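Novice: Need coordinates for the following:
(4 chains)
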There are 2 protein chains.
Amino acid sequence: MADVAQAAGVSHQTVSRVLNDHPNVKPATRDRVLAAIRELGYRPNVAARALVTRRTRTLGVVSFNTTLYGPASMLYGIEQAAKDLDYFVAVAALAALDRRSVLDAVDRLRDQAVEGLIVIAPQTSAVNALSQVRSDLPLVAVGCGTHAALSSVAVDNEAGAERATSYLLDLGHRTVHHVAGPRSWLDAQEREVGWRRALSARGAAQPEPFVGGDWSSRTGYELGRELAARAHDPRDPITALFCANDHMALGLLRAVQQAGLRVPEDLSLIGFDDIPEAEYFGPPLTTIRQDFDELGRRALGTLIELVDLNAGGGPAPRNAPRVTIGPGLVVRASTAPPRAGAA
Amino acid sequence: MADVAQAAGVSHQTVSRVLNDHPNVKPATRDRVLAAIRELGYRPNVAARALVTRRTRTLGVVSFNTTLYGPASMLYGIEQAAKDLDYFVAVAALAALDRRSVLDAVDRLRDQAVEGLIVIAPQTSAVNALSQVRSDLPLVAVGCGTHAALSSVAVDNEAGAERATSYLLDLGHRTVHHVAGPRSWLDAQEREVGWRRALSARGAAQPEPFVGGDWSSRTGYELGRELAARAHDPRDPITALFCANDHMALGLLRAVQQAGLRVPEDLSLIGFDDIPEAEYFGPPLTTIRQDFDELGRRALGTLIELVDLNAGGGPAPRNAPRVTIGPGLVVRASTAPPRAGAA
DNA sequence: CGCAGAAATGTTTGCGTTATCAATTCTCCC
DNA sequence: GGGAGAATTGATAACGCAAACATTTCTGCG
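Specialist: Residues are numbered from 1 along each chain as shown, chains lettered A, B, ... in the order given. Now for the predicted structure:
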């Protein structure tokens, strides 16, 4: 910086002013400084700047499993938005879900002096752990269901599940069965609630949900076999199914087709997420669309609001905003009216 | 830090020594200092430390599309490994693939004073842009094919493709067709080379590959329709197909089945990547396995080596290590011998 | 022409840490 | 008991930047 100042024939403070867009700099000097900066390839030192301003322009993202489509997309949206707002993003992946590793990850990021945190960790346990984080750090949870005691940005799982279920009911199915996600995830809980609500709103029977799924195709497959064995039970035929996410729906599809059931003729199936592949399942999957990208961007937006508020000093207003994004129904070929006499 | 020093009754310099594991500190004082640190919940200020040490312990990851399974998994592996080595990870997603945005992303990370860079951007254009990055920054590319002029960690695409193709040939197919990935990706190029090599090694006919795919299920579907129309051509029947990745294979599966072809009876299909869902396609997909996680970890390992070398000063030895990981064939149900008379 | 006030620039200080060198306190052996 | 040398501790000086205050240079108007 001293070199730049010398090259431009000004003091280092003037260089600093140019860098920070301070008002009182003569355009001519500004240009000279800018030229010198380019000339010398000067880049301000973030560490020094952070030291004196006490701001790092870095945001932390702690995520459970960035390998899943949802989290990965949210991370992507977050990064895009951060870039536009000129913030950096540091990530910390969670090794496990206990309170300990959540707090560890938060600490790691805190050590790096992040100004705020976005958490992609939709499990009850993680959310509980989060409530123990010292409140001096702005924090927003994304895609963690809408009922957590945190600032959060999420799609309305209940509304989505309700929509999916109602759609099947509208098609003429007597009732709709449900393959649930892991109970430890808020999203799974909320989707189950939405499903139940839709059923009771129509006075439809409320069958036991199929549990034990962990979002993976593998467990979807396993539950699908179990389900196929019961699908033809004359006392309780299964003609319509709301599956808590698309990946499980894929495994499920495989299992029921192996068992000789046709989708959608014998069984209507609806998923949740609308992953890019859903359109190419056999048959293409009707599902509830979740705009993860947008979720990430919105999460970053509300985090920045908190950070700016916090910049004034004082504790972070933790449980202020709670943003809900409406999910959308995408109708494809895995749903149909029940066959005559079947329903 | 001054507070800690006072609480422990020592100078701040001694606190610093304790923090940095310096040898000459009496155990008793060390304990007192440690106690004071815990007591006061003191955390060292990274910015100040970075300012004086000129090291940030931060590594940058620039990635094209972290939404894809491969990049997402590599990122995950990288982060895991970084945590173990006590480094931070900052990510920058690429908006587009031109030289400009690659260089922008690199600059963004450089501004943040990262000590090294891992690039997940397997396109020729990106790799070319990378070669323009000033060589003072250690850099390793991951999953970008093995022929780039960079330090890199990747699976051996050619070997994998050769393996897939040979497997189909061994099954008795006259030849193997290929649905190629985007030509602008090194991986796609290398897989095509491997495929050709396997064919010529056996003296099999070398049909034109199907091009225009962009890794997505959508393009896989489109190419699948085109292919299905030609599959029964008596002069050039298509009985075996090597598809450049699993996602395209999914779309393709859908298209050919829609066209009335049975897999594997009429058409054997083999993919590349082994995404978690591949096992639950209908039918389960035979594919070439790529261990993305491991790839990420190895990439981080070699980057750290470069960083440590670089810490001594001088330009980063850019094109030193090049790690290749062997891919593995996973046989499932999408491949079979040709029907009698068909091949 | 001169003066007030605004605009532009410069000087000094301190952010929290580690490095360097100086000072003190041990330890061991004659 | 004393002295050499090692071990331990402390004081001071950077690191590169922005904030606060000081100074200089403009501008407009009587």
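Novice: Strands along chain A, start to end?
Specialist: A:58-63, A:88-93, A:116-120, A:139-142, A:152-155, A:177-179, A:240-243, A:268-273, A:286-289, A:322-325, A:328-330 (DSSP state E).
Novice: avg pLDDT for the first one?
Specialist: Per-residue pLDDT values across strand A:58-63 average out to 94.
Novice: Which other helices and strands does that strand contact?
Specialist: If you count contacts as 3 or more Cβ pairs under 8 Å, 6 or more residues apart in numbering or on different chains; DSSP states H and E, strand A:58-63 packs onto helix A:69-84, strand A:88-93, helix A:99-111, strand A:116-120, helix A:292-311. All C-beta atoms are positioned from the backbone trio N, CA, C, and that covers glycine.
Novice: Quick one: closest of these to A:Pro283.
Specialist: Checking the helices and strands packed on strand A:58-63 against A:Pro283 by Cβ to Cβ gives helix A:69-84 as the closest, at 20.1 Å.
Novice: which regions of chain A sit below the pLDDT cut-off?
Specialist: Applying pLDDT under 70 to chain A flags the ranges A:145-149, A:311-320, A:340-343.
Novice: Around chain B, which positions in the stretch 1-150 of chain A sit nearby?
Specialist: A:43-48, A:50-51, A:56, A:58, A:65-69, A:72-73, A:75-76, A:79-80, A:83, A:88-93, A:95, A:108, A:110-113 (Cβ under 8 Å from any Cβ of the partner chain).
Novice: In the stretch 151-300 of chain A, which residue sits nearest DNA strand D?
Specialist: Using Cβ to the nearest atom of the strand, A:Leu300 is the residue of the stretch 151-300 of chain A that sits closest to DNA strand D, at 23.4 Å.
Novice: Hmm, that residue is touching A:Ile120, no?
Specialist: No. Contact between A:Leu300 and A:Ile120 fails when scored by Cβ atoms under 8 Å: they sit 11.8 Å apart.
Novice: so which of the strands of chain A is the most packed in?
Specialist: strand A:240-243 (a mean of 30; mean count of other Cβ atoms under 10 Å in any protein chain shown).
Novice: Isn't A:Leu103 up against A:Ala129?
Specialist: Yes. A:Leu103 is in contact with A:Ala129 according to Cβ under 8 Å; the separation is 5.9 Å.
Novice: Which of these two has more residues huddled nearby?
Specialist: More crowded of A:Leu103 and A:Ala129, by other Cβ atoms under 10 Å in any protein chain shown: A:Ala129, with 22 against 15.
Novice: State the distance from the more buried one to chain B.
Specialist: A:Ala129 is 18 Å from chain B, where distance means Cβ to the nearest Cβ, to the nearest Å.
Novice: Could you do A:Ala259 as well?
Specialist: With Cβ to the nearest Cβ as the criterion, A:Ala259 and chain B are 12 Å apart.
Novice: Next up, the contacts around the residue nearest to that residue when sequence neighbours are not counted.
Specialist: The spatial neighbour of A:Ala259 that comes closest, neighbours along the chain excluded (Cβ to Cβ, 6 or more residues apart in numbering or on different chains), is A:Ala228 at 3.4 Å. A:Ala228 makes contacts with A:255-256, A:258-261, as judged by Cβ atoms under 8 Å, 6 or more residues apart in numbering or on different chains.
Novice: if we go to 10 Å?
Specialist: Neighbour list for A:Ala228: A:238, A:252, A:255-261, A:266-267 [criterion: Cβ atoms under 10 Å, 6 or more residues apart in numbering or on different chains].
Novice: One more: A:Asp273?
Specialist: By Cβ under 10 Å, 6+ apart, the residues touching A:Asp273 are A:68-70, A:73, A:155, A:160, A:187, A:215, A:244-249, A:285, A:287-290, A:292, A:327.
Novice: got it, and A:Gly271?
Specialist: Here A:Gly271 is in contact with A:164, A:179, A:220, A:241-250, A:252-253, A:278, A:281, A:285-288, A:330, A:332, A:334 (Cβ under 10 Å, 6+ apart).
Novice: Pull up the distance across stretch A:130-137, start to finish.
Specialist: 11 Å (Cα to Cα, to the nearest Å).
Novice: any idea how far A:Val133 is from A:Val106?
Specialist: For A:Val106, the distance to A:Val133 (Cβ to Cβ, to the nearest Å) stands at 5 Å.
Novice: ditto for A:Lys83
Specialist: From A:Lys83 to A:Val133 the distance is 26 Å (Cβ to Cβ).
Novice: How about stretch A:83-91 and DNA strand D, touching?
Specialist: No. Judged by Cβ under 7 Å from any atom of the strand, stretch A:83-91 stays clear of DNA strand D, getting no closer than 13.1 Å.
Novice: Report the distance from that stretch to the chain centre.
Specialist: The gap between where stretch A:83-91 is centred and where its chain is centred comes out at 17 Å by Cα atoms, centre = their mean, to the nearest Å.
Novice: which residues touch the nearest residue to A:Ile325 once chain neighbours are set aside?
Specialist: Spatial nearest neighbour of A:Ile325, chain neighbours left out: A:Val155 (4.8 Å); criterion: Cβ to Cβ, 6+ apart. Counting by Cβ under 10 Å, 6+ apart, A:Val155 touches A:143, A:145-146, A:187, A:190, A:272-273, A:288-292, A:294-295, A:323-328.
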